[in-house]
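S.K.: Below: sequence and its predicted model.
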Amino acid sequence: MTEESSDDEELPARTLEETLARLERGAADRRDEAIEFSFRHIGDAGAALFADALRASATVASLSLQGNSIGPKGAGVLADALRGNTCLLRLDLYGNYVGNEGAAALGAALGGTGNNSTLRSLSLQCCSIGAAGAAPLAAMLRENVNLQSLKLGDNQVGAAGAAALALALRCNRTLQALNLNNNKIGDEGLGHVAEALSRADGGGGGGAAGTAGALRCLWLYDTGATSGGVARLASALRTNRSLQWLFICEDGVEEALLADIAEALERNKAEGRARAARAHMSALRIHRFWRDVCFDPSYVHARQRILRCCALD
């Protein structure tokens, strides 16, 4: 059987073996690795092999398995491997039939104590996930303090799924990017997202206590919403101080609404740059302070200087 064969059981066996061997070598070489093995139709059996490799590897930082005919069972096996993994930062399962069951398994592996605490980016675009799958992912977001990017574009989460995710955003302070493209959330779902955004303070201290403020980038193409839903979004951005990039379909949306949204985003970008500059200056002050304290023989004197330094911030 040649590598050009389309047989799912044997395509392409040699390349798969080489890739898995590369995972094993990585553990010995102590190098961060990015593994790309997409559109090879490896199925659930292949996913299980990669799961075993993830358990053995301590260096693979990125794994892309797009379009590999991985079903809920394979997604569940990968989720189980994530529980004990302390290295993987990015997992891309675009174009697989993860389904609600697989989404639930991944949500369980990434939420709560004792589970994965390193993954930063998860792509589940075009994975046949509905509202029932969005719910456990939302539950995960309420507990997870590490994930920074969640891509759920081209699924069927609908208004109910958007509501669950939006509710989770109110208490999540680490997720920075969320993709809900082409999920038919409609005006109702967009309203829930807008409500979550209106409660976010962006880390500037201006929002309600305990609300989310990390979200910086939001994709909302093809939501099925009307100008009414977009108007609620524009209204939310008048008080939101976190969102800096918003991608929406402009067809049929009034120019005044788009102008309001653009103005709010530019304001948030400017404020974000100012916060970054202040943080940089604060870090420089602390660095200079500790450089001086290292040579200070008096602990009491050093402690007094720490208090004065903190008061400056």
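M.R.: Nice, thanks for sending it over. Because the structure is predicted, anything quoted here is derived from the model rather than measured.
S.K.: Please make it C-alpha for all contacts and neighbour counts, starting now.
M.R.: Will do.
S.K.: residue boundaries of the strands in the stretch 1-150 of the chain?
M.R.: Listed in chain order, the strands of the stretch 1-150 of the chain (DSSP state E, counting those that start in this stretch) span 33-36, 60-64, 90-92, 121-123, 149-151.
S.K.: can you list the ones you listed in a markdown table and add mean pLDDT?
M.R.: Listed next are those as a markdown table, based on pLDDT from 0 to 100:
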| stretch | mean pLDDT |
| --- | --- |
| strand 33-36 | 89 |
| strand 60-64 | 94 |
| strand 90-92 | 98 |
| strand 121-123 | 98 |
| strand 149-151 | 98 |
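S.K.: Dump these to TSV, plus mean neighbour count and distance to E101.
M.R.: TSV is the format used below for these (neighbours: other CA atoms under 10 Å; distance: least, CA to CA, whole Å):
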stretch	mean neighbour count	distance to E101
strand 33-36	16	25
strand 60-64	20	20
strand 90-92	20	17
strand 121-123	20	16
strand 149-151	20	17
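S.K.: With A196 as the reference, name the closest of those strands.
M.R.: Evaluated over those, closeness to A196 peaks at strand 149-151, with 16.3 Å, by CA to CA.
S.K.: Summarise which helices and strands that closest one is packed against.
M.R.: For strand 149-151, the contact count by 3 or more CA pairs under 8 Å, 6 or more residues apart in numbering; DSSP states H and E identifies strand 121-123, strand 177-179 as packing neighbours.
S.K.: List the buried residues for the helix or strand following it?
M.R.: Going down the chain from strand 149-151, the next helix or strand is helix 158-169, by DSSP states H and E. With burial defined by 16 or more other CA atoms under 10 Å, the residues of helix 158-169 counted as buried are G158, A159, A160, G161, A162, A163, A164, L165, A166, L167, A168, L169.
S.K.: can you pull up the bridge partners for the residue nearest the centre of the chain?
M.R.: Note on the chain: the residue nearest the mean C-alpha position is S149, at 1.7 Å, using CA atoms, centre = their mean. With DSSP bridges as the criterion, S149 is bridged to S121, A177.
S.K.: In contact with it, which residues?
M.R.: The contact partners of S149, by CA atoms under 8 Å, 6 or more residues apart in numbering, come to R120, S121, L122, S123, L175, Q176, A177, L178.
S.K.: my read: the second one touches N146, true?
M.R.: It stands for S121. No - counting by CA atoms under 8 Å, S121 does not reach N146; the two are 9.1 Å apart.
S.K.: Do a quick rundown of the helices in this structure.
M.R.: Assignment of helices within the chain using DSSP state H yields the ranges 13-29, 43-56, 72-83, 99-110, 131-143, 158-169, 186-198, 227-236, 255-293, 299-312.
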